[in-house]
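Participant: 3D, please:
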Amino acid sequence: MTKFKKVILFCHRWLGFISGLVVFIVSITGCVFCFQDEIQDAMHSYRTVQNTGKPYVQPSQLVATVKKAFPMASPDYIYYFGTERPAGVLANTGKDGFEYVFLNPYTGKITYHEKPQTNFFIIVEYIHLYLLLPPAIGKWVVGVSVIIFMVIMVTGLILWWPKRKSDRKRSFTIKWGGRWRRVNYDLHNVLGFYATSIAIILSITGLAIAFEPVSKAIYNTANLGKDITYQQEVTEPKSDSLKRSGLAKQPVIDQAFAYARKQAPQAEMFLIHNDPAVSGAIGVGAYAKSMHYSHATGFEFDKYNGKLLKSYIYDKKSPGLKLIEMNYDIHVGQIFGFTTKIIAFLASLICASLPVTGFIIWLGKRKKNKPKKERLVTHRRAQKHQLHQI
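Facilitator: Numbers count the residues shown, from 1 in each chain. Predicted coordinates:
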């Protein structure tokens, strides 16, 4: 082995020791989360409703229903998930945390409610993002480990890549008939090779979710240096509480929802936010597909008089903004449907296996080298004994 490869092997091994446990946890939780929508749909009947063909109940009615059931709640986020899915209201109850309330979008009746922190997949998500540590600490532990893992994937590729063309064909396959140590070695190297490109994409999109500078870098790269600034395109406007002239006759939240549905008639899902802590304005996002968060058109309205403040028309967005809005769908593998979910699941599963198979390889080499050292010591002692006899 050349000196260069010895250095690469040293880095690969010790970086693996540093990040292995975190990578394993993050990858396993990523596997579980990939199919969370499908699993929850199969387990819980409240996640589907019968499409009656009637108009949706107005957002203001959903808010009133939730406030009646939870008087101390502030229903800041309202979801219309689709024609055969319930509406959802995420309400802030203060000290008691959030309450997630599901309602029939055609009748306005509550069908189910839960605290998000008790949902199994929300817990899995928080482990994936923060390892259940405080978010400010957890995101850095996970983020640094993911960056290290990306370096490990590259160094592993350098170490594994066969020198001779004749060796490449057999290097791309697992020798299932070999001894278990050989199979483990192939699982680490061959599967690691096949998963590298997907693993790096998942890693970058995960970092973009956790760290805004990564998101900005993706935005600027996709825009190829065009004169578009991130903040100008994504910053939400704020309502001016001093300019309340011409107050809307209809509740602004209903007016905003009606406008968005008219402007985006093909949208399957709508998200309405009325969170004072975010912008003070009422925003409506219209999404092309239910449970998918890319290909969105959005609108911001003055919360006092219903005036349209800003539009985010999908066709007019920069390539960078379109790409970062696809980030979640890419990360969970749903960007191109069920097939890409399977790919993301398998890649995450392989990533979870790599620290395990790598550790087994290291243990095997350590045990293999130990008898050699013992034999060498014994041999040297025998030589000394012979010299003393002479």
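
Participant: alpha carbons only for contacts and neighbour counts from here, please
Facilitator: Noted.

Participant: which one is residue 26 nearest to, not counting chain neighbours?
Facilitator: When the adjacent residues along the chain are set aside, residue 26 lies closest to residue 128, with 4.8 Å between them (Cα to Cα, 6 or more residues apart in numbering).

Participant: so the one you found touches residue 32, yeah?
Facilitator: No. Counting by Cα atoms under 8 Å, residue 32 is not a contact partner of residue 128; they are 9.9 Å apart.

Participant: what's the residue closest to the geometric middle of this structure?
Facilitator: The structure's the chain has its C-alpha centroid closest to residue 331; by Cα atoms, centre = their mean the separation is 4.7 Å.

Participant: how near is it to residue 281?
Facilitator: In this structure, residue 331 and residue 281 are separated by 29 Å, where distance is defined by Cα to Cα, to the nearest Å.

Participant: what's the average pLDDT for the host helix or strand of residue 157?
Facilitator: With the criterion set as DSSP states H and E, the secondary-structure element containing residue 157 is helix 135-160. Helix 135-160 shows an average pLDDT of 94 in the prediction.

Participant: what are the buried residues along it?
Facilitator: Buried positions in helix 135-160, judged by neighbour count with 16 or more other Cα atoms under 10 Å: 138-143, 145-146, 148-157, 159.

Participant: ok, back up a step: who's more crowded, residue 128 and residue 32?
Facilitator: Relative neighbour count places residue 128 above the other of residue 128 and residue 32, with 25 against 17, counting by other Cα atoms under 10 Å.

Participant: what pLDDT does the more buried one get?
Facilitator: 97.

Participant: same check on residue 227?
Facilitator: Reading off the confidence values, residue 227 has pLDDT 65.

Participant: shift numbering so it begins at 415
Facilitator: I'll keep to 415 as the first residue from here, and by that count the last item is residue 641.

Participant: touching, residue 668 and residue 471? I think so.
Facilitator: No. Under the criterion of Cα under 8 Å, residue 668 lies out of contact with residue 471, with a separation of 9.7 Å.

Participant: picking up where we left off before, can you pull the contacts of the residue nearest to the centre of the chain?
Facilitator: With contacts taken as Cα atoms under 8 Å, 6 or more residues apart in numbering, residue 745 has the following neighbours: 615, 616, 619, 620, 758.
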